[in-house]
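Visitor: What shape does this take:
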Amino acid sequence: MPRSFLSRFVNIVFSMILFMLWLMDLFFGMFLSILTWAGLYFLFRRKKVNFQSDVAFKRDVLFAPVEGVVESIRENVDHCYFGKDLTEVKIVMNPWSEMGIYMPISSEVQDFHFKDGKPIFRYKGGRPKDQHEKMLDSIALTLRDVQGRNVGMQFLKCFVGSWPEISLMPGDRGKQQANFGYFPFGGTVLLYMPSKYEILVDEKEKVIAGESLIAGATAQE
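Guide: So this is what the prediction gives:
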């Protein structure tokens, strides 16, 4: 697996630039180009996930899909796209955070929705705007596991950043903790799950993508 989300095209372009600068003996330009490439490689770095092997354990828990800080947790939330009586977890990604997006559960993509529009400042703080009647400009995914439980993921673009690059479409299946895209320079990610899930994180807690536990299914569900 590549250790960076930088495309092959970008790496080829930098290689060509370095070669041309070397031919022209512009060594200071080569130094600046290498520094630029190293900075981009760090920003677009891809982590190595420590996969859990306990299948029975993994089936009933949700892993953090991105790296960031849990800004807020709300219960009994109604959402015009994901449904009613949900628990909402808001995760804010920093621009320098690892950009990868990982499957919170082993599931199939039921629906994909993209509503382009104005960005939302990630550090605004507090709880997100209520969406029981109108959805915010965002990318939304609905995931369904083998037990028929739905989990919603909503990605809100920030002023500093761009829309996520996602490699899954409706009908595709993904393994828990597997990478399926990246969120360039981060933003805000909202997780929606059935209210009977027990939340395993606290507000202001930092979570690691594909490793930190967000929630677990209760015995009653």
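Visitor: where does this protein have low pLDDT?
Guide: Applying pLDDT under 70 to the chain picks out residues 1-2, 49-58, 125-127, 219-221.
Visitor: ranges for the strands of it?
Guide: For the chain, the strands defined by DSSP state E occupy 61-63, 68-79, 83-92, 100-102, 107-115, 138-144, 150-157, 165-166, 173-174, 179-182, 187-194, 197-199, 206-207, 213-217.
Visitor: Counting neighbours, what do you get for residue 28?
Guide: 8 (other Cβ atoms under 10 Å). Glycine gets a C-beta too; all of them are placed from N, C-alpha and C.
Visitor: All further residue positions should be reported with the first residue as 11.
Guide: All set: I'll call the first residue 11, so the last point we hit is now residue 38.
Visitor: ok, now how distant is it from residue 27?
Guide: For residue 38, the distance to residue 27 equals 13 Å [Cβ to Cβ, to the nearest Å].
Visitor: Mind splitting this protein into its structural domains?
Guide: If you go by automatic domain parsing, the domain ranges for the chain are 18-53, 65-227.
Visitor: Give me the distance between the two termini of stretch 108-122.
Guide: 23 Å (Cα to Cα, to the nearest Å).
Visitor: Repeat that for stretch 200-219.
Guide: One end of stretch 200-219 sits 14 Å from the other (Cα to Cα).
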